[in-house]
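Enquirer: quick one, structure for this:
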Amino acid sequence: MRFRKCIKGNRRYDSGSNPVVTSVNRFRWRVLVAMLATTLVIFIAFCMLVPPAYLTNDDVGVRRAIEGLTAPGAAPTGSMLVAHSPLGWTLAWLRGVVPAHLWDLVVGGLLIWSIAMALTAACSITAGTTHVGGLLNLHPSLLILHSDSFPSEHRWRPFHTPSVQLTAIQLGLNNHNPSVDRFLMRYDPSLLSAIGADSAILVISERRRLDPVTTFMREHYHVAVEWNEVYQGSFRAWHCSTKDAR
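Expert: Residues are numbered from 1 along each chain as shown. So this is what the prediction gives:
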C-alpha cells in the first residue's frame, strides 16, 4: 500500500530512511571544493580592485544593531529587520568574542557559496549527459524514469534542444495519456506490465528503489520479477523480466 501511494504521486518511496537511495553520493564534492576556492580568489581580487559598498541602508542598520550602536549605551542585539533572530543573536554574541565585521562575512560567505553551488550544478550538466550516448546504444523504445534517478533537469534545459531526443516517462500508476495508452495497446494496458513484456523498455533507477516495484508486481500482477542491469554510468538502467509466480 505504501508503494501504491508513492508511485501514484510519483515520489520517492522512503529515501530519508535509506541512505542508499539518496542522490547525495552522486554530488560532485571535489568540483564544489574547486569552485569554492576559485570563487573565493576571484571575490577577494574583485574586492581589492573595487571596494565593496552597501547599496541600501538595511545592512547598515543590521551592523549597528549587532555592534550596539543603535542608541547611547545600547547593548548589541540580535533583533534585526532583515535577518532571523537566532542568526542575529549568534552574531551579537560572537561580536564580543571575535572583533570582526561578522554580518559582512555572512553576506559575503553566502554569496560565494551560492556562486560555487551554481557552478557545480552547471558542471554536473555535462556529467549527466555524457552517458546518454552509451545508453542509446541499447536502442531502448522507452525509458521509465524512477523518481530522480535520471538527471532529467540536466538533460532537458530551458531554451536548449538535446542533440538526441529521448522518449521517457516517469514511473507511476497514474501516467495515462493518449500517446502512452496507444503505445501500451500491444500489452496489457498497464505501464508496469509493459516493463516486463518488452525487452526494449528500460527502467532507470537505483537498485534498492526497485524492491517496492518488485513487491507491488508480485502482489498485484502475480509475477516474479528479475532485474538485470544493462547499463551503469552516472545512472543505472535495468531490464525487467517476469514469470508467472502462481
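Enquirer: helix or strand right after the lengthiest helix in the chain?
Expert: When the chain is scanned for its longest helix (criterion: DSSP state H), the result is helix 102-129. Using DSSP states H and E, the helix or strand that directly follows helix 102-129 along the chain is helix 132-136.
Enquirer: tell me which residues of that following helix are tucked away?
Expert: Of the residues in helix 132-136, V132, L135 count as buried by neighbour count, 16 or more other Cβ atoms under 10 Å. Using the backbone N, CA and C atoms, a C-beta is placed for each residue, glycine as well.
Enquirer: can you check stretch 53-67 too?
Expert: D59, G61, V62, R63, R64, A65, I66, E67.
Enquirer: show me the contacts for the closest residue to S193 other than its chain neighbours.
Expert: Of all residues not flanking S193 in the chain, Y187 sits nearest, at 5.5 Å (Cβ to Cβ, 6 or more residues apart in numbering). Residues in contact with Y187 (Cβ atoms under 8 Å, 6 or more residues apart in numbering) are S193, A194, A197, D198.
Enquirer: turn the buried residues of stretch 53-67 into TSV, including secondary structure, distance to L36 and pLDDT.
Expert: Shown next, in TSV, are the buried residues of stretch 53-67 (DSSP: H, G, I helix; E, B strand; the rest coil; distance: Cβ to Cβ, whole Å; pLDDT from 0 to 100):
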residue	secondary structure	distance to L36	pLDDT
D59	helix	23	81
G61	helix	30	83
V62	helix	25	82
R63	helix	25	81
R64	helix	31	82
A65	helix	29	83
I66	helix	26	80
E67	helix	28	80
